[in-house]
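Chemist: Mind looking at a prediction? Sequence and model below.
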Amino acid sequence: MSVRTLALVAAALALLAPAMLGAQSAVSYTPVTEQRLLNPEPHNWLMYRGNYSGWGYSPLDQITPSNVRKLVPVWSYSTGVTEGHQAPPIVNDGVMFITTPQQQVMALRAKTGDLIWRYKKDLPEDLLQLHPTNRGVALWEDRVFVATVDAHLIALDAKTGKVIWDTTVDDYKNGYYFTLAPLVAKGKVMVGTSGGELGIRGYIAAFDARDGKQAWKTYTIPGPGEPGHDTWEGDAWKTGGVSVWLTAHYDPQLNLTFWGTGNPGPWPGDMHPGDNLYSSSVIALDADTGKIRGHHQYHWNDSWDWDEVSTPLLIDFPKNGRVVKGLVHPGRNGYLWRLERRADGIGFVDARPFVTQEVFTKIDPVTGRPTYDPERKPRNGAAVTFCPGLWGGKDWTPAGYNPKTNYLYIPANENLCSTLVGQAGAYEPGKLFLGIDRPKTTMSWRQGASHIGELQAWDMKTGQKVWTHKFPYQNWGPILTTGGGLVFLGGTNDRNFRAFDAKSGKVLWEFKTNSGVTCSMSPCNPAGASTPSACKHGSTPSWVPRRRCRRVAWCGCSR
């Protein structure tokens, strides 16, 4: 029987068993405590971007520019799902958790790729899966938490995959769903809802990790009587979108969680007049209460689908003779934003474009508020072209930060523009509510351009770009950077997975995968120790990420 046939059989069996498929063998499991999340071990990857600061950085340093060329595939695993996979493998002492579209969670042995257990949720037949993806799990004690595309939050037993509790968070029929990996902090599981294209009113909610009961709920669109409600006119706030697509980051000293928010809906700004708080912003929420402690809006009255859902990275940097407790965000609007996180709010520090931006005419040096070219602002009944386009200078794919180089690495797209034709339409619950003539929406290269994708490195000490690697095609690859001085990136149309020198940007190694790499990456250590012991006969430790499509993960030793 061929490998492909085996994968299809496995997929069929998964469909026949919508709940957990029985464990293949017993597994020992190390509980994930609060202390471990605050200080994750180098050989593990316990949360979406590796640490609460969101760096996408592994301290492991055995793989270096001098030996990275020895990396080879060791094992692969077929999930039976052909939709793009966007979840990083989460690794805890040799147990790897991955999720797929169509709501599967799998526990694998990181050393061998053997299945320990598989959970698959029954999804409603009438479910509209506008974004049929899942971006991973969260770990706490002996539990695995997953947020689902039909708006549930589920706790699974980490050893067996059995459901411990299943909380219905909202009604999927009204357009609510989840794509993000939950954030766990101080015994709470936090999620933000997607569905901004379907006329929802976005929010973030926290649940008790023990029993799944709601602890607090904070809307990303202020209601009557709440600060910021006057930035919406009429009833637009009720269906204004402002989704949360990606996992928040957390500052335990301030006890604040930081969330990136989506654009208001419908897309053209004249259909929702006003600044539209807290759209296209970062908001700081108290982890205990959910109270909004501060915000910064990257651009007001979003009209370009530039949702700023990538959470800023918590990076401290020098500025004017002092060290700023920073929030750093390469935005979909094409600007690199440096902000200050404080107990009493979020302050603006500076911003500069990292790709060509033809919409903003200036940025206020004190507040960071942009001024627009009105001819580049989409509106009802008009065809408007703007750069960067709908997908922005950087879409959802996370940037990375390496504390050894002090560089921020941005997966950017330059020279890609869009044309939107505004077309007002009536709101219907659970239906598309975009405000555009979809068949007339187009993408185009900026005149005179010769490339699109870029990998950029920015020095956080100076705030200046230090190198750029260009690709002739789009770059849709999240960043993983390491203590060994490397940056790993996939996401290009040629299907290559590459390693770059973190200091110079030189390509050191590449491997042609079966399909494009779109997932967020994480390292793994098959031996479950800070110094691998599983590699023998002079081989060197290696780790590479889960690939898109059916193949999930490699982890092992290069020869």
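Modeler: Structure received.
Chemist: residues contacting the residue nearest the centre of the chain?
Modeler: Geometric centre of the chain, nearest residue: residue 246, 4.4 Å, by C-alpha atoms, centre = their mean. By C-beta atoms under 8 Å, 6 or more residues apart in numbering, the residues touching residue 246 are 135, 180, 260, 309-311, 396, 398. (Each C-beta comes from the backbone N, C-alpha and C, glycine too.)
Chemist: do that again at 7 Å, thanks
Modeler: Residue 246 is in contact with 135, 180, 260, 309-311, 396, counting by C-beta atoms under 7 Å, 6 or more residues apart in numbering.
Chemist: Show me the shaky parts of the stretch 51-200 of the chain.
Modeler: Scanning the stretch 51-200 of the chain for pLDDT under 70 picks out nothing.
Chemist: At which residues are the strands of it located?
Modeler: 57-58, 90-92, 95-100, 104-109, 115-120, 138-140, 143-147, 152-157, 163-168, 183-185, 188-192 (DSSP state E, counting those that start in this stretch).
Chemist: Same list, those strands, but as TSV with distance to residue 302 and mean neighbour count please.
Modeler: Compiled in TSV, these are given as follows (distance: least, C-beta to C-beta, whole Å; neighbours: other C-beta atoms under 10 Å):
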stretch	distance to residue 302	mean neighbour count
strand 57-58	30	26
strand 90-92	32	25
strand 95-100	29	26
strand 104-109	34	24
strand 115-120	36	22
strand 138-140	29	25
strand 143-147	24	26
strand 152-157	28	22
strand 163-168	30	16
strand 183-185	24	26
strand 188-192	17	26
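Chemist: Could you say which one of those comes nearest to residue 415?
Modeler: Among the strands of the stretch 51-200 of the chain, strand 57-58 comes nearest to residue 415, with 29.0 Å by C-beta to C-beta.
Chemist: and that closest one, what does it pack onto?
Modeler: Here strand 57-58 touches strand 400-402, strand 479-482, going by 3 or more C-beta pairs under 7 Å, 6 or more residues apart in numbering; DSSP states H and E.
Chemist: Extract the C-alpha set from the very next helix or strand once past the last one and format it as CSV.
Modeler: Using DSSP states H and E, the helix or strand that directly follows strand 479-482 along the chain is strand 486-489. This file holds the C-alpha atoms of strand 486-489, laid out as CSV (Å, rounded to 0.1, in the frame of the first residue of the first chain):
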residue,chain,number,x,y,z
LEU,A,486,20.2,31.6,11.8
VAL,A,487,16.9,32.7,10.3
PHE,A,488,14.5,30.1,8.8
LEU,A,489,11.9,31.1,6.3
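Chemist: Below-threshold pLDDT in this protein: ranges please.
Modeler: 1-26, 516-559.
Chemist: those strands in the stretch 451-559 of the chain, which residues are they?
Modeler: Using DSSP E, counting those that start in this stretch, strands in the stretch 451-559 of the chain cover 453-459, 464-470, 479-482, 486-489, 496-501, 507-512, 540-544, 554-558.
Chemist: for the stretch 201-350 of the chain, same thing?
Modeler: Assigned by DSSP E, counting those that start in this stretch, the stretch 201-350 of the chain shows strands spanning 203-208, 214-219, 249-251, 256-260, 281-286, 292-297, 313-314, 317-319, 322-324, 326-330, 335-342, 345-353.
Chemist: Now tabulate those strands in TSV and tack on mean neighbour count.
Modeler: Putting the strands of the stretch 201-350 of the chain into TSV (neighbours: other C-beta atoms under 10 Å) gives the following:
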stretch	mean neighbour count
strand 203-208	22
strand 214-219	16
strand 249-251	24
strand 256-260	26
strand 281-286	24
strand 292-297	22
strand 313-314	23
strand 317-319	15
strand 322-324	12
strand 326-330	25
strand 335-342	22
strand 345-353	17
